[in-house]
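J.: With the input below, show me the fold.
(one chain, ligands or ions: 1)
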Amino acid sequence: IDADFERLPSIFYASDKKGVKLIEREYEIRKRYELPVELLNKGELHKRYKMRTYAGALLNRQSAQLDAYKAATLLFRYHIKKDHLQIFTHTKITSCEETPQGCRLKTKDDRTIRCKYVIVAAGFEAGQFLPEKVMKLTSTYALISHPIDNKDLWPEHSLIWETAEPYIYVRTSGNRIIIGGEDEDFNNPEARDELLREKTEKLEKKFHTLLPSVPFKAEMTWCGTFSTTKDGLPFIGTWPGTERIFFDLGYGGNGITFSMVGAQIISNLLQGKEDERKDVFGFGRIC
Ligand SMILES: Cc1cc2nc3c(=O)[nH]c(=O)nc-3n(C[C@H](O)[C@H](O)[C@H](O)COP(=O)(O)OP(=O)(O)OC[C@H]3O[C@@H](n4cnc5c(N)ncnc54)[C@H](O)[C@@H]3O)c2cc1C
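T.: Now for the predicted structure:
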């Protein structure tokens, strides 16, 4: 499938003194484990990427970006054709329980679904199927620019983010720029939406400080829900004491990447194969 997958360098820059310590420590750890990384100083960042930063940054060339919407919809289409996958849209599941014979689910219009196994991949709304709260729901903001002449973008179109919290992240999408961040610690939709204008201005200002030579004019703006866990890792697997309901919850900023790990682990467990990663990402670490 063609979901605009592109390999691009990723730059993680230090926003302040604390950030300098963080990237230096991260650099040492990555070097120790022979993970590919470069440490750039402030001058190099400006010379190579037109960036104006407080200090230096970590650079790696293992990163990539894709259009997540295209990837999801095209994967569905591919498997509908290849494996006769059936999709039931607008079918809200209101309960999901294990029975001695398998699993029983109820839909909003009061129908019952019986099956051997269930994989819950309900994202930020999966909390209702868990006995305990495992993630924190927050709010996040994002803007996309008007199209920009390629010559005005920064070299290599690298993915950019910073150490500070709330952070800003910057990337390109075709000839437009996407910037986002300015996360808030709450998830009340009205309060979140009310801040959109203020957050748009803050993100634009931060972008102009970071890349002053790149023109940016927002064409569309959004806000939405984001979710994090205490240790930044996803939750993959069954809740302790259950066997048939699997969760694939790619929480955190690497959710798309982790969802692939989740698919591999759950597929292995369903086939009765051992997968040592299940303990790293399992609920056992909080129960
Ligand atoms: C602004 C933003 C930027 C991000 N950037 C990145 C990034 O750069 N890299 C990265 O790896 N990740 C990123 N993420 C995280 C990533 O998007 C998520 O982790 C990922 O989309 C989660 O996928 P999912 O399939 O688990 O859940 P979702 O994509 O949320 O899908 C869940 C689905 O379940 C359905 N559903 C929910 N409840 C029910 C129910 N009761 N019955 C039936 N269906 C239900 C929903 O309608 C939805 O279709 C970002 C997230 C945000 C918000």
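J.: my guess is Ile286 meets Pro131, correct?
T.: No: proximity of Ile286 to Pro131 does not meet the contact threshold set by Cβ atoms under 8 Å, at 11.5 Å. Where you see a C-beta, it was placed from the backbone N, CA and C, and this is true even at glycine.
J.: Those residues of the stretch 151-287 of the chain touching the ligand, which are they?
T.: Contact residues (Cβ under 6 Å from any ligand atom) of the stretch 151-287 of the chain with the ligand: Gly180, Gly224, Phe226, Gly250, Gly253, Asn254, Gly255, Ile256, Thr257, Ser259.
J.: if we go to 8 Å?
T.: 169, 180, 222, 224-227, 234, 248-259, 262 (Cβ under 8 Å from any ligand atom).
J.: Now do Ala3 against His157, distance only.
T.: 17 Å (Cβ to Cβ, to the nearest Å).
J.: who are the neighbours in contact with Tyr54?
T.: Under the criterion of Cβ atoms under 8 Å, 6 or more residues apart in numbering, the contact list for Tyr54 reads Tyr13, Ala14, Ser15, Asp16, Gly19, Val20, Lys42.
J.: of these, buried ones?
T.: In terms of neighbour count (16 or more other Cβ atoms under 10 Å), the buried residues within the contacts of Tyr54 are Tyr13, Ala14, Ser15, Gly19, Val20, Lys42.
J.: Name the nearest of those relative to the ligand.
T.: Of all the buried ones among the contacts of Tyr54, Tyr13 has the smallest distance to the ligand: 16.4 Å, by Cβ to the nearest ligand atom.
J.: mind listing what that closest one touches?
T.: By Cβ under 8 Å, 6+ apart, the contact list for Tyr13 reads 19, 23, 45, 51, 53-58, 160-163.
J.: And for Ile179?
T.: So Ile179 contacts Ala142, Leu143, Ser145, Ile168, Tyr169, Val170, Leu203, Glu204, Lys206, Phe207, Phe216 (Cβ under 8 Å, 6+ apart).
J.: quick one: which of those sit in strands?
T.: Among those, the members found in strands (DSSP state E) are Ala142, Leu143, Ser145, Ile168, Tyr169, Val170.
J.: got CSV for the residues you listed, with neighbour count and pLDDT too?
T.: Listed next are those as CSV, based on neighbours: other Cβ atoms under 10 Å; pLDDT from 0 to 100:
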residue, neighbour count, pLDDT
Ala142, 19, 97
Leu143, 24, 98
Ser145, 21, 98
Ile168, 21, 96
Tyr169, 17, 97
Val170, 25, 98
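J.: out of these, which one sits closest to Asp67?
T.: Ala142 (14.0 Å; Cβ to Cβ).
J.: Report the beta-bridge partner residues of that closest one.
T.: For Ala142, the beta-bridge partners are Gly180, Trp222 (DSSP bridges).
J.: From Pro131, how far off is it?
T.: Taken as Cβ to Cβ, the span from Ala142 to Pro131 is 33 Å.
J.: what do you get for Phe5?
T.: Applying Cβ to Cβ to Phe5 and Pro131 gives a distance of 38 Å.
J.: now do Lys18
T.: Look at Lys18 and Pro131: by Cβ to Cβ, they are 37 Å apart.
J.: same check, this time on Gly224
T.: 26 Å.
J.: So which of these two has more stuff around it?
T.: Gly224 (14 against 11; other Cβ atoms under 10 Å).
J.: secondary structure class for the nearest residue to that one once chain neighbours are set aside?
T.: Once flanking residues are discounted, Gly224 sits nearest to Thr140: 6.1 Å by Cβ to Cβ, 6 or more residues apart in numbering. Classification of Thr140 by DSSP: H, G, I helix; E, B strand; the rest coil places it in strand.
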